[in-house]
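Asks: Provide a 3D model corresponding to the input given below.
(8 chains)
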Protein chains: 8
Amino acid sequence: MATTNGMLDPNDAVILLIDHQSGLFNTVRDVPIPDLRNYVIAIAKTATLLNIPVITTASVPDGPNGPLIPEVHQYAPHAVYVPRTGQINAWDNPLFVKEIEKTGRKTLIIAGTLTSVCMAFPAVSAVQAGYKAYCVVDASGNWSKLATDTTIARVTQAGAIPTDTFAIVAELMQTWNRPEGSRFAQILADHVCPEYKCLMESFGKAQAVVKDGPETHLDKFQ
Amino acid sequence: MATTNGMLDPNDAVILLIDHQSGLFNTVRDVPIPDLRNYVIAIAKTATLLNIPVITTASVPDGPNGPLIPEVHQYAPHAVYVPRTGQINAWDNPLFVKEIEKTGRKTLIIAGTLTSVCMAFPAVSAVQAGYKAYCVVDASGNWSKLATDTTIARVTQAGAIPTDTFAIVAELMQTWNRPEGSRFAQILADHVCPEYKCLMESFGKAQAVVKDGPETHLDKFQ
Amino acid sequence: MATTNGMLDPNDAVILLIDHQSGLFNTVRDVPIPDLRNYVIAIAKTATLLNIPVITTASVPDGPNGPLIPEVHQYAPHAVYVPRTGQINAWDNPLFVKEIEKTGRKTLIIAGTLTSVCMAFPAVSAVQAGYKAYCVVDASGNWSKLATDTTIARVTQAGAIPTDTFAIVAELMQTWNRPEGSRFAQILADHVCPEYKCLMESFGKAQAVVKDGPETHLDKFQ
Amino acid sequence: MATTNGMLDPNDAVILLIDHQSGLFNTVRDVPIPDLRNYVIAIAKTATLLNIPVITTASVPDGPNGPLIPEVHQYAPHAVYVPRTGQINAWDNPLFVKEIEKTGRKTLIIAGTLTSVCMAFPAVSAVQAGYKAYCVVDASGNWSKLATDTTIARVTQAGAIPTDTFAIVAELMQTWNRPEGSRFAQILADHVCPEYKCLMESFGKAQAVVKDGPETHLDKFQ
Amino acid sequence: MATTNGMLDPNDAVILLIDHQSGLFNTVRDVPIPDLRNYVIAIAKTATLLNIPVITTASVPDGPNGPLIPEVHQYAPHAVYVPRTGQINAWDNPLFVKEIEKTGRKTLIIAGTLTSVCMAFPAVSAVQAGYKAYCVVDASGNWSKLATDTTIARVTQAGAIPTDTFAIVAELMQTWNRPEGSRFAQILADHVCPEYKCLMESFGKAQAVVKDGPETHLDKFQ
Amino acid sequence: MATTNGMLDPNDAVILLIDHQSGLFNTVRDVPIPDLRNYVIAIAKTATLLNIPVITTASVPDGPNGPLIPEVHQYAPHAVYVPRTGQINAWDNPLFVKEIEKTGRKTLIIAGTLTSVCMAFPAVSAVQAGYKAYCVVDASGNWSKLATDTTIARVTQAGAIPTDTFAIVAELMQTWNRPEGSRFAQILADHVCPEYKCLMESFGKAQAVVKDGPETHLDKFQ
Amino acid sequence: MATTNGMLDPNDAVILLIDHQSGLFNTVRDVPIPDLRNYVIAIAKTATLLNIPVITTASVPDGPNGPLIPEVHQYAPHAVYVPRTGQINAWDNPLFVKEIEKTGRKTLIIAGTLTSVCMAFPAVSAVQAGYKAYCVVDASGNWSKLATDTTIARVTQAGAIPTDTFAIVAELMQTWNRPEGSRFAQILADHVCPEYKCLMESFGKAQAVVKDGPETHLDKFQ
Amino acid sequence: MATTNGMLDPNDAVILLIDHQSGLFNTVRDVPIPDLRNYVIAIAKTATLLNIPVITTASVPDGPNGPLIPEVHQYAPHAVYVPRTGQINAWDNPLFVKEIEKTGRKTLIIAGTLTSVCMAFPAVSAVQAGYKAYCVVDASGNWSKLATDTTIARVTQAGAIPTDTFAIVAELMQTWNRPEGSRFAQILADHVCPEYKCLMESFGKAQAVVKDGPETHLDKFQ
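Replies: Residues are numbered from 1 along each chain as shown, chains lettered A, B, ... in the order given. Modelled structure (predicted):
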């Protein structure tokens, strides 16, 4: 662990994306729904970029919960989908746990809708089963902010590590000094912190002005 | 415990509904009062559905605190009511603790108005007495949000587990793969997350359209 | 008008309930969705109680917008439903306007999801067509609070009267001194201001205590 | 006017997109910046779809204000860009007004960053010059919410019509009963109200379930 | 009017305090209830200090609405109470209007719980009857903030003047240069803006330090 | 400890009221200042009622920090004031600690303005010195809500117990079944949760109605 | 007026800065106090830069209201101070109005603490006296946000123009194409919208990078 | 440690200011950006006043992240800047850690933009490496408030101490009884809690009034 300075080891990581379903999304109140969708996309793209295993599952997707949002498998085409047979806690599904065990990895990055159920329950179970568990709270989505407040306290108490989408992407990429650096920047600007797009545009323009000269004509202006 | 994957064991659970009184409700500021009433109903109905013992109590209900809201015993007719003789902490009432002991169960699910007093005090006492205690914060109701913030920290520090109404219902039901599955769905849609009702209606309509054909006539529309 | 002291005349009123559809509801962000549903129910019940004509309509209910919430026609069984053929502004639908004209009434009470479109557009059109228009903003539901801020300003500027669910029910009932008085109280307590239920419960208990004597036993307490 | 029922006439409309620059965007505090960008895109796409003239301008784009966000001209390729020579109120720029006059249209739809300056000043000027002016407040972006509150009051007082992005798109399209109907739906779902995407996905899935049968296997579940 | 510079004339003013009842207070959500109580007290005391007529009324005070808060008549002992016989709009009660007419005054200062009903309805009626009406919004209390937003727009549109407790006290007292000056300061510090109390305490202490010398001993401190 | 069921023992308690000064109060942003003043009064009155030792101190009260608010010693006349000689952490003042030691008690109830400094520092020191420390967060007052969030986490981590004014008063009084019961109710209604006053008034009125008969005359109303 | 396109004419403007006193500032709750101070500074500096007359006044500055903040006269050394003799509405002070009349100007820009009193009263009076009045709401400061909401409605109704600090500075400077252009940019970046400072720094750095070359060494990064 | 009563020892402290860059600042949403800048300045000035080592670093400052805000090195001229070569976690940069080790100190005070990455990662690493770590959350700046909530929980769980700017300055200065006392007061009033400035001005004026006599002339007022 010394080699990661207490950070997670991407080579030991598995990403669990649980119940990110269009119907459930419409009950989310602690994160703007469009942002939530983007955070999930960011994690899916990051997994693909770093070749981290992804396991997905859904709860009764043929009912009002709705289908998994299509972007999950679209941006993480290597993800393995495990159907459930009714269990609320995905960890209660033996196939789901078996799929995790197959990877031989012990660090789980968990996001799930609703946060206080679909993210929190497997996180508690995983810690008890001896895994290191990261909870990506804002890539989960909960039915009330108060429920999120209690969930952060609960998973922290249980020994899981609460985190956010920006932080988990950063913790996985570790350094900008890698071939995929600019692709990570694109993920963050497109899906996590779109304010950053403005910075990139302004940066480009400021440099272009040096090369191309100014364009505004203010005769009297100094 | 392995069998529950770190989740609570419904067969070991007792639900304590403390001081959900109409007068006290009017002092609640951290949860919308109508929502609070519904969350308490959801827990009462869940208890009845799963045959979990419920113990209720009230603090001076013949004064301005007002009576227990009628839905508590209406939806949990098996609940046992323990009158108090002035104690603020229900755990200080020997009859109340005796009633818990009678069940032989060791996992307590506690909700109480006000959160920082009627939920928190028995939770702290229960943990000290060797019980596992779940605190349903949003089925309690507190006089200020800041007081709720400190209470979450306090009960977590004491070793009680903070949770919310949706999560505790889900943790108790464990799986949709059970005869009462649809009744749980109804409880959640009616009392916890009524946004879900819209999803059920839309789902039904979408399927009816397949069977019955469309009804909107847009001649030129494709 | 003198007889109503500037208030609306219930005998001149028609209620327009526009596009309260389950799918659209899931996009509402300025009013809690369960509250919105209840406000619509309150208006439907009030209309029935006072025998005020109700005209409903829906926008492409066989698509993702979803069906009208069933309570609209359930609680206002006398309501007339006018299908639309694509028009966004219900006033652009000749059958809809004709249905209004049939009543011979000139005071319109309008609620519609989304507020800035389905409520605001017909309100502006109605005022221009010579009607007096009341906009029930919180029985409408909008996609953002900022959009509601601009809509209140817009309809007020246009000469329509902005109001809320509690106020419109009160303005329609005029006085408690009528046979249906207690039924209005029930509507308000059940659907508009459920905090009031606590008051009714506490009131009943306080009076019962006088008759039945106290129940709490605090030997030393005075 | 009777033909539009008090709504704007798309054939008389010109859209003014003023100072949507990447640097200025970073000072916006009343609308989430990513949302603001999307609202501007929605208006640009709508203009293109309906062939409505668009006039753009920027304030010192070669300084810290930054360049126009590229999407403006990308999605409204027919837009005419008018450089300014220092004027804060775009209406003070004779070329800008001349460009408006060239269209022969008298209904202006105005959005500009910052709202209280770049949107409000031209709106006040336009009304005084005899134009009908719509102010798209949430496609503008302001440096504080309080400044937006005063701006809504100011432009309404001046006779301009405050509106929001969803409403202006809807007011321009008028009806779903047109060939471009589904493209408008796409604009709204992609850029204005992405919650709607979930509804479309759930709708599709619900219908597929009828055709393809259910996929979840709950042996005991009814 | 010139003599008041457009401000109200205290000698022409009547204060109407409508339905400030303990039960209704418990439904207020736009103003903290303790603040609301204090604002009503401030107006009652101001009326007494300036000998301005006060007319009070209550809506079914023998039911769950509860009694008038006692401070109204305690601090405005000259107030005249007019019982109602069911009318929601106090203006519909002939005795209430007659009591106003008896004063021969034409400027009404109105506060009432709930704002959108008990304050707004009489305000609209009063303006129509030829009175000048001031609406003290924060001494009224409403069941939701959104309802207050629409009410401010409605009464302003109707020609009534929206104001707040601090402003109305200040508009009535006109100048500090009067014998009761310090008593007004006390009212504002005790009931409207208690932060001011800190200023008075700090002011007194700062002056005492000059006279009595410092008390803190920091040997090395300069 | 068993006798208190994990709650604090009032006979072992000392209350520390630190730096509740009028100038510092004017910098508080996480609790409304008038509420803060009342919470401090509530604690002072409770201490007097239960004869719990109170130790106060102030930081440079002859400068802009201002004097202790007078209510501290007014309502806890037995309080001992310890002047400081510059130390920010009151625990660094040997006289202050000596005063605590004199009581022979080991449970400290600490409130101080600013929360993150004047409450948190002594709390951390006290725990390290072997005391049990309760932090009354909302009777302290902080310069930002974010600073309060970090402070709750910090003192909880250090082993101090975060609590609120209502809870600490309740924990100290233990039971309503004591001679001073009604005086505690008065403290809570006057200073902590004034919404409760409304309940008491409504309760009294409801009972009076039974005895005195109704007063509202609605001839036709049933 | 045609020459200003409906905007104010700086050559006709007088700025009234009323009661910006340190004690009153400590009661402000709708604008962060440090921001308020900066907005007043921005207006003072703008006045000096454009040579616009400034008239100041204070209400009992030798009492707890405190002195005018020193920056008012520091940054507008040409400002004329008019002492008051108790009047709350500065317009009731004949010397104050006389000072305005001396300028021969008819457009007043008004800011005053508290907004609903010290800004609103003179604004109403000024409009009645035939002046054009601009109300700079966020350079005023009010005791509650709700009071600000009612004040915006009141002054708009009275015919005064609500505005904000950024907008009024922009409306006064009119164009960047003037010698003082960069000094206005400095005022806005230093006192109104400090986020802009970051933009200027980033802009400078981006251009420096073109000239000086990059400084980060990421060997493997592309 | 006994000598510090559990507080940090300034002689053992090193301050790490990480990635306070103008571009990153424009993505901050949990602290007002101007406040954040001031908090960083306050820490820099405190470090200089107490001669505490400061180590700074930046992440790709020649790209859109932008340069370090100039005030960091301006107010802490003794700070050592360590360039990074791509590492996101500054602790992964060997030169950065070496610079810390050179000081021989073991208590780290860490602030970094973004909080959940640039502050949190080094904090976790430092604790694991055996350091005591203080996290100055509000001098860091995060992309969302929810991300800050999870970060406070994460670093607390890891054993780092969460704190705020006011508290860390106070903890470092320890006592007012030192020669630099008044300079600390100036730092706090200028950069952390500018409301305090008003208190200082009022204090000075109140004392001047004693010496110079009153200035307001209210003939009749006492």
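Asks: And residue A:141, how far from chain F?
Replies: The gap separating residue A:141 from chain F is 22 Å, by CB to the nearest CB, to the nearest Å. For glycine as for every other residue, the C-beta is placed from the backbone atoms N, C-alpha and C.
Asks: and that residue, how many neighbours does it have?
Replies: Residue A:141 has 30 neighbouring residues, counting by other CB atoms under 10 Å in any protein chain shown.
Asks: Could you report the neighbour count for the residue lying closest to it once chain neighbours are set aside?
Replies: Closest residue in space to residue A:141, ignoring its immediate chain neighbours: residue A:28 at 3.7 Å, by CB to CB, 6 or more residues apart in numbering or on different chains. Burial of residue A:28 is recorded as 22 neighbouring residues (other CB under 10 Å).
Asks: Quickly check: whichever helix or strand residue A:147 is part of near chain F or not.
Replies: Per DSSP states H and E, residue A:147 falls inside helix A:145-158. No: applying CB under 8 Å from any CB of the partner chain, one finds helix A:145-158 separated from chain F by no less than 10.0 Å.
Asks: close to chain C, is that helix?
Replies: No: Helix A:145-158 stays out of contact with chain C when judged by CB under 8 Å from any CB, the minimum separation being 12.7 Å.
Asks: Partner strands of whichever helix or strand comes after that helix, with direction?
Replies: On the C-terminal side of helix A:145-158, the closest following helix or strand by DSSP H and E is strand A:161-163. Strand A:161-163 has its sheet partners listed here by DSSP bridges as strand A:132-136 (parallel).
Asks: Now do the partner strand and helix A:145-158, the angle between them.
Replies: 170 degrees (axes from the mean of the first three to the mean of the last three CA atoms, to 10 degrees).
Asks: quick one: average confidence on strand A:132-136?
Replies: Averaged over strand A:132-136, pLDDT sits at 98.
Asks: ditto for stretch A:173-187
Replies: The model assigns stretch A:173-187 a mean pLDDT of 94.
Asks: gap between the two ends of stretch A:85-93?
Replies: 8 Å (CA to CA, to the nearest Å).
Asks: for that stretch, which positions count as buried?
Replies: A:85-93 (16 or more other CB atoms under 10 Å in any protein chain shown).
Asks: Disregarding flanking residues, what is the spatial nearest neighbour of residue A:156?
Replies: Using CB to CB, 6+ apart, the nearest residue to residue A:156 is residue H:153, at 4.7 Å.
Asks: try residue A:24
Replies: That would be residue A:113: by CB to CB, 6+ apart, it lies 4.6 Å from residue A:24.
Asks: that older thread, pull out the buried positions in the helix holding residue A:147.
Replies: A:146-158.
Asks: mind saving the C-alpha coords of the helix or strand containing residue A:125 as PDB?
Replies: Following DSSP H and E, one finds residue A:125 within helix A:120-128. The C-alpha trace of helix A:120-128 is given here as PDB (Å, rounded to 0.1, in the frame of the first residue of the first chain):
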ATOM      1  CA  ALA A 120     -24.900   1.800   1.000                       C
ATOM      2  CA  PHE A 121     -26.000  -1.800   1.400                       C
ATOM      3  CA  PRO A 122     -23.300  -3.400  -0.800                       C
ATOM      4  CA  ALA A 123     -20.700  -1.100   0.700                       C
ATOM      5  CA  VAL A 124     -21.500  -2.300   4.200                       C
ATOM      6  CA  SER A 125     -21.500  -5.900   3.000                       C
ATOM      7  CA  ALA A 126     -18.300  -5.500   1.100                       C
ATOM      8  CA  VAL A 127     -16.400  -4.000   4.100                       C
ATOM      9  CA  GLN A 128     -17.600  -6.900   6.200                       C
END
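Asks: which residue is nearest the centroid of chain A?
Replies: When CA atoms, centre = their mean is applied to chain A, the residue found nearest the centroid is residue A:43 (3.8 Å).
Asks: From chain D, how far off is that one?
Replies: 18 Å.
Asks: hang on, the earlier thing: just checking, what packs against the helix holding residue A:147?
Replies: helix A:120-128, strand A:161-163, helix B:145-158, strand B:161-163, helix B:165-173, helix H:145-158 (3 or more CB pairs under 8 Å, 6 or more residues apart in numbering or on different chains; DSSP states H and E).
Asks: try 6 Å
Replies: Of the remaining helices and strands, those touching helix A:145-158 by 3 or more CB pairs under 6 Å, 6 or more residues apart in numbering or on different chains; DSSP states H and E are helix A:120-128, helix B:145-158, strand B:161-163, helix H:145-158.
Asks: quick check, the first one touching chain H?
Replies: No: under the criterion of CB under 6 Å from any CB of the partner chain, chain H is not reached by helix A:120-128; the shortest gap measures 12.1 Å.
Asks: For that helix, name the packing helices and strands.
Replies: Counting by 3+ CB pairs under 6 Å, 6+ apart, helix A:120-128 packs on strand A:107-112, strand A:132-136, helix A:145-158.
Asks: Ok, which of the ones you listed comes nearest residue E:163?
Replies: helix A:145-158 (34.2 Å; CB to CB).
Asks: Next, the angle from the closest one to helix A:120-128.
Replies: 10 degrees.
Asks: How about exporting helix A:145-158 as CSV, limited to the C-alpha atoms?
Replies: Taking C-alpha atoms only, helix A:145-158 is exported to CSV below (Å, rounded to 0.1, in the frame of the first residue of the first chain):
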residue,chain,number,x,y,z
LYS,A,145,-30.6,15.2,1.0
LEU,A,146,-31.2,14.3,4.6
ALA,A,147,-31.0,10.6,3.6
THR,A,148,-27.7,11.4,2.0
ASP,A,149,-26.4,13.0,5.2
THR,A,150,-27.3,9.9,7.2
THR,A,151,-25.8,7.7,4.5
ILE,A,152,-22.4,9.4,4.5
ALA,A,153,-22.3,8.9,8.3
ARG,A,154,-23.4,5.3,8.0
VAL,A,155,-20.9,4.1,5.4
THR,A,156,-18.1,6.1,7.0
GLN,A,157,-18.9,4.5,10.4
ALA,A,158,-18.9,1.1,8.7
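Asks: relative orientation of it and strand A:107-112 in degrees?
Replies: Going by the same axes, to 10 degrees, helix A:145-158 makes 160 degrees with strand A:107-112.
Asks: got the contact list for helix A:145-158?
Replies: A:30, A:115-116, A:120, A:123-124, A:127, A:135, A:142, A:162, B:137-138, B:152, B:156, B:161-164, H:153, H:157 (CB atoms under 6 Å, 6 or more residues apart in numbering or on different chains).
Asks: Could you do stretch A:80-97 as well?
Replies: A:18, A:55-57, A:99, A:121-122, A:125, B:5, B:170, B:175-177, D:217-218.
Asks: Neighbour-wise, which one of the residues you listed leads?
Replies: residue A:122 (32 neighbours).
Asks: Tell me which stretches of chain A form helices.
Replies: Per DSSP state H, chain A carries helices over the ranges A:22-25, A:33-50, A:71-75, A:94-103, A:120-128, A:145-158, A:165-173, A:181-187, A:195-212.
Asks: Out of those helices, which is the most enclosed?
Replies: Highest mean neighbour count among those (mean count of other CB atoms under 10 Å in any protein chain shown): helix A:22-25, with a mean of 29.
Asks: Counting by contacts, list what that one packs against.
Replies: Against helix A:22-25 (3+ CB pairs under 6 Å, 6+ apart) you get helix D:195-212.
Asks: quick one: low-confidence parts of chain A?
Replies: Applying pLDDT under 70 to chain A picks out residues A:1-2, A:219-222.
Asks: Up against chain B, what does it have?
Replies: Going by CB under 6 Å from any CB, the residues of chain A near chain B are A:23, A:27, A:64, A:85-88, A:91, A:116-117, A:124-125, A:128, A:143, A:146-147, A:150, A:153-154, A:157.
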